[in-house]
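Q: sequence plus the predicted model coming up.
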There are 2 protein chains.
Amino acid sequence: MKNKIIKPKTLKPGDTIGILGGGQLGRMLGMAAAKLGLRTIVLEPNVDCPAAQACNRHIIAEYDEPTALGELVNACAAVTYEFENIPASAVQYLEEHVALLPNSVALEKSQDRLTEKNFLNDIGIDTAPYYEVNSLEELQSVVMSPDFQQNLAGILKTRRLGYDGKGQARVHGTDSPKQLLEAWESTGKVTCVLEGFVNFIREISVIAARDINGNVECYDPAENIHRDGILHTSTVPAKVSNAVVENAKSIAAKILSELDYVGVMGVEFFVTGEGSLIVNEFAPRVHNSGHWTEAACTVNQFEQHIRAISGMKLGDPSRHSDCVMVNLIGSDVDKLDSLLAEPNVQIHLYGKSIAKKGRKMGHFTRIS
Amino acid sequence: MKNKIIKPKTLKPGDTIGILGGGQLGRMLGMAAAKLGLRTIVLEPNVDCPAAQACNRHIIAEYDEPTALGELVNACAAVTYEFENIPASAVQYLEEHVALLPNSVALEKSQDRLTEKNFLNDIGIDTAPYYEVNSLEELQSVVMSPDFQQNLAGILKTRRLGYDGKGQARVHGTDSPKQLLEAWESTGKVTCVLEGFVNFIREISVIAARDINGNVECYDPAENIHRDGILHTSTVPAKVSNAVVENAKSIAAKILSELDYVGVMGVEFFVTGEGSLIVNEFAPRVHNSGHWTEAACTVNQFEQHIRAISGMKLGDPSRHSDCVMVNLIGSDVDKLDSLLAEPNVQIHLYGKSIAKKGRKMGHFTRIS
């Protein structure tokens, strides 16, 4: 039996928000909270993390360290997170001792690709065709099924803990037993989902927010381009019809409402040639494809999230400018000098000292 | 003989900037530095100051405490400040041990109203008529002079340490000896300047920046309205002709160039009915009347200052929206709920816990 869950309340300037995770999303949440007069404490084991540089206090500990969690709930009026793979024990402790927003249901659904897709289909939202794969034998059997053979190809993904293209392998209907074995081994032989490929012409995402009274506000969809499995650019407006825009927003709103969600969520869609929308995945947090809101909107996604979890009214999601957000990955950050020289470019670096390959070092947004 | 002064250099992400003063200006400078990947250390005696909440490190000490200054110069690639009344001993120590930007000449001129006005007149820039007043006798004699009798009224201001209307008394050509005595006593009987009133129809200010190579960029002038001696609103564009805009920018640029200034400066002007410009004063720092740049420009005045003192290229000062910035003074901050509900309003609170009368608690900018 579940213990009592702490309900959200309205925060006032001077109150403190806890943030699990000390990356760039936590950093930008901390900055947004400060602008509303709120304080932040980040819980993160990495000493020199990006968020600690911009928050009021840093508790250096593992996310499930009981003493650290106790300190956090004692100091905070609400706790949120910047990543979805929070240990279950921490989630349970937090939701029983402080308002944890977004709630544990959203975390549970999004931590597991199979649960997430089942949930979406259950509430009538389309996903790519998918197949549960718990063993090499199951993988072989799915690939041989007429259903998959029609689709001919897909991606085998671990159910948990994958992001930015990690823990994924391409699988084709024509793969040899050896190729299937390699695919299975590359995921670490853990429980997986095989997602059939979808014929889509573009990828878009909606950054949606829901407040404690159930009001939902959505920013216009961004059109996203990935490179090496990592988001490269988000362009707003996306090249889609008004009908697609409204449909994407209404699907996002449905997901948030069904989850009784409070906070900002990023919902990724595939847009087919016929203008249908297929949800790829959702992330129960501020999202890289929403960074453009910082340069082009009066209230950005970080402030919107802080407003939502603080029981404040949501901001107007309209934008004053069209824009393109570009991620600075690894050595891209060496372009800083030329970006500084360009008008209408807003730069945001994350305070990371080493520009490793594939590491998100910052982003910039060009407005027009 | 003056010792060698440390020259500015170009900073890279990861480098650290020191900030003297822990108020809201320091706080917003810290946030802007973080967005460029730079770190900040604030030196400020007040433990729970606004800036400490948003900077990487806080040295809690008086501004002239030698050990603290030593720590600061050891950790920083450049040092700047958020207020002009820095003790002379600290200024001297800093400029001999680290790049102090803006330089000590700008501080020296702006710390003393008489020196400031002499400097402006020396470089051909108009000020209000002014008279040095070092004693009650001098005050009486100035007030009786034909020159002052023609202007009939003015404000007696302390030469040093006055801001937001403190240390000021109105003086009229018709004042009795008793009234003059009261005025003299109200300033604390220190060396003063008597400024003759100017017939002006509006007050404007220009936020100007100069980089280490001598390039100057100016934001468009804001039109300022004061209430009880404290800035109330800044509106952009100001209701002035293009000729006045260009003249104001060129006067600001001249001040910065004459001082070999590096960083952002706020220059306040009176605009007469004939469109002439009279400089009221300048502040060698980011300025309250430039807070609107945060909501209406891609690069705000805080980032512009950080870019300048870091040897980076200045940002484009053009704005994407017209706007009005309104200060939240004392209990004004209780309006937060209604501001949150308003579209196109960007709110910025300073993290101050007690809303004392006359205290700047935050500001908001309404864009259009």
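A: Here it is on my side, so go on.

Q: what's the average pLDDT for the longest helix anywhere in chain A?
A: Longest among the helix segments of chain A by residue count, using DSSP state H, is helix A:242-258. Mean pLDDT, helix A:242-258: 98.

Q: wait, what's in contact with the residue in the stretch 1-150 of chain A that chain B sits nearest to?
A: Per CB to the nearest CB, A:Gly37 is where the stretch 1-150 of chain A lies closest to chain B, at 3.3 Å. (C-beta placed from N, C-alpha, C; glycine too.) Residues near A:Gly37 by CB atoms under 8 Å, 6 or more residues apart in numbering or on different chains: A:13-14, B:333, B:349-352, B:362.

Q: likewise for A:Ala78?
A: Counting by CB under 8 Å, 6+ apart, A:Ala78 touches A:8-9, A:11, A:15, A:17-18, A:98-101, A:309-310.

Q: in chain A, which spans are helices?
A: For chain A, applying DSSP H gives helices covering A:24-35, A:66-75, A:88-97, A:104-111, A:113-122, A:136-144, A:146-151, A:177-186, A:242-258, A:293-296, A:301-309, A:336-340.

Q: mind giving me the packing neighbours of the first one?
A: Secondary-structure packing of helix A:24-35 (3 or more CB pairs under 8 Å, 6 or more residues apart in numbering or on different chains; DSSP states H and E): strand A:16-20, strand A:39-43, helix A:301-309, helix B:24-35, strand B:345-349.

Q: the first one near chain B at all?
A: No. Using CB under 8 Å from any CB of the partner chain, no contact is recorded between strand A:16-20 and chain B, whose separation bottoms out at 10.8 Å.

Q: that strand - contacts with which helices or strands?
A: Going by 3+ CB pairs under 8 Å, 6+ apart, strand A:16-20 lies up against helix A:24-35, strand A:39-43, helix A:66-75, strand A:78-81.

Q: with mean pLDDT added, can I get these in a markdown table?
A: Shown next, in a markdown table, are those (pLDDT from 0 to 100):
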| stretch | mean pLDDT |
| --- | --- |
| helix A:24-35 | 98 |
| strand A:39-43 | 97 |
| helix A:66-75 | 98 |
| strand A:78-81 | 98 |
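
Q: what sits against the nearest residue to A:Val240 once chain neighbours are set aside?
A: Nearest non-adjacent residue to A:Val240, counting by CB to CB, 6 or more residues apart in numbering or on different chains: A:Val271, 5.9 Å away. By CB under 8 Å, 6+ apart, A:Val271 lies in contact with A:200-204, A:240, A:244, A:277.

Q: ditto for A:Ile201
A: By CB under 8 Å, 6+ apart, the residues touching A:Ile201 are A:271-273.

Q: show me which of these is closest to A:Asp260.
A: The shortest gap between A:Asp260 and any of the contacts of A:Ile201 belongs to A:Val271, at 27.9 Å (CB to CB).

Q: any idea of the pLDDT on the closest one?
A: A:Val271 is assigned a predicted lDDT (pLDDT) of 98.

Q: cool, A:Gly162 as well?
A: We note a pLDDT of 59 for A:Gly162 in this prediction.

Q: try A:Lys166
A: 62.

Q: could you do the one 5 residues further on as well?
A: pLDDT recorded at A:Val171 is 94.

Q: in contact with it, which residues?
A: A:139, A:143, A:153-156, A:179-180, A:183, A:194.

Q: change it to 7 Å
A: The neighbours of A:Val171, taking CB atoms under 7 Å, 6 or more residues apart in numbering or on different chains as the test, are A:143, A:153-156, A:180, A:183, A:194.

Q: can you flag the buried ones in those?
A: A:143, A:154-156, A:180, A:183, A:194 (16 or more other CB atoms under 10 Å in any protein chain shown).

Q: going by distance to chain B, which of those wins?
A: Proximity of the buried ones among the contacts of A:Val171 to chain B was ranked by CB to the nearest CB; the top entry is A:Ile155 with 34.4 Å.

Q: if I pick the closest one, what's in contact with it?
A: A:168, A:170-171, A:195.

Q: circling back to that earlier point, tell me the one of the contacts of A:Gly37 nearest B:Ala75?
A: B:Gly351 (23.3 Å).

Q: tell me the pLDDT at that closest one?
A: For B:Gly351, the pLDDT comes out at 94.

Q: that one: neighbour count?
A: By the criterion of other CB atoms under 10 Å in any protein chain shown, B:Gly351 has 25 neighbours.

Q: and what of A:Thr174?
A: 10.

Q: ok, and the closest non-adjacent residue to it?
A: Of all residues not flanking A:Thr174 in the chain, A:Leu152 sits nearest, at 7.4 Å (CB to CB, 6+ apart).

Q: quick one: that neighbour and A:His172 touch, right?
A: Yes. Counting by CB atoms under 7 Å, A:Leu152 does reach A:His172; the two are 6.4 Å apart.

Q: of the two, who's got more company?
A: A direct count of neighbours by other CB under 10 Å for A:Leu152 and A:His172 places A:His172 higher, at 16 against 13.

Q: show me what the more buried one bridges to in the sheet.
A: When assigned by DSSP bridges, A:His172 has beta-bridge partners A:Ala153.

Q: you'd agree it is up against A:Ala153?
A: Yes. Contact between A:His172 and A:Ala153 holds when scored by CB under 7 Å: they sit 4.7 Å apart.

Q: follow-up on the earlier one: for the residue nearest to A:Thr174, report the pLDDT, please.
A: 83.

Q: just for the stretch 51-200 of chain A, where's the confidence low?
A: For the stretch 51-200 of chain A, the stretches flagged by pLDDT under 70 are A:162-166.

Q: still on that earlier bit, from chain B, how far out is the residue nearest to A:Val240?
A: A:Val271 sits 28 Å away from chain B, going by CB to the nearest CB, to the nearest Å.

Q: ok, A:Ser318 next?
A: Distance from A:Ser318 to chain B, by CB to the nearest CB: 7 Å.

Q: what about the closest residue to A:Ile278 other than its chain neighbours, how many residues nearby?
A: Nearest residue to A:Ile278, sequence neighbours excluded (CB to CB, 6+ apart): A:Phe270, at 4.4 Å. Using other CB under 10 Å, A:Phe270 has 20 other residues around it.

Q: which stretches in the stretch 151-300 of chain A count as strands?
A: A:153-158, A:168-172, A:192-196, A:202-210, A:216-218, A:222-227, A:230-236, A:263-271, A:277-283 (DSSP state E, counting those that start in this stretch).

Q: okay, those in CSV with distance to A:Tyr81 next?
A: Shown next, in CSV, are the strands of the stretch 151-300 of chain A (distance: least, CB to CB, whole Å):
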stretch, distance to A:Tyr81
strand A:153-158, 20
strand A:168-172, 23
strand A:192-196, 23
strand A:202-210, 16
strand A:216-218, 20
strand A:222-227, 22
strand A:230-236, 20
strand A:263-271, 9
strand A:277-283, 11
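
Q: and the most centrally placed residue in chain A, bridged to which residues?
A: Taking CA atoms, centre = their mean, the centroid of chain A lies closest to A:Ala283, which sits 3.3 Å from it. For A:Ala283, the beta-bridge partners are A:Gly266 (DSSP bridges).
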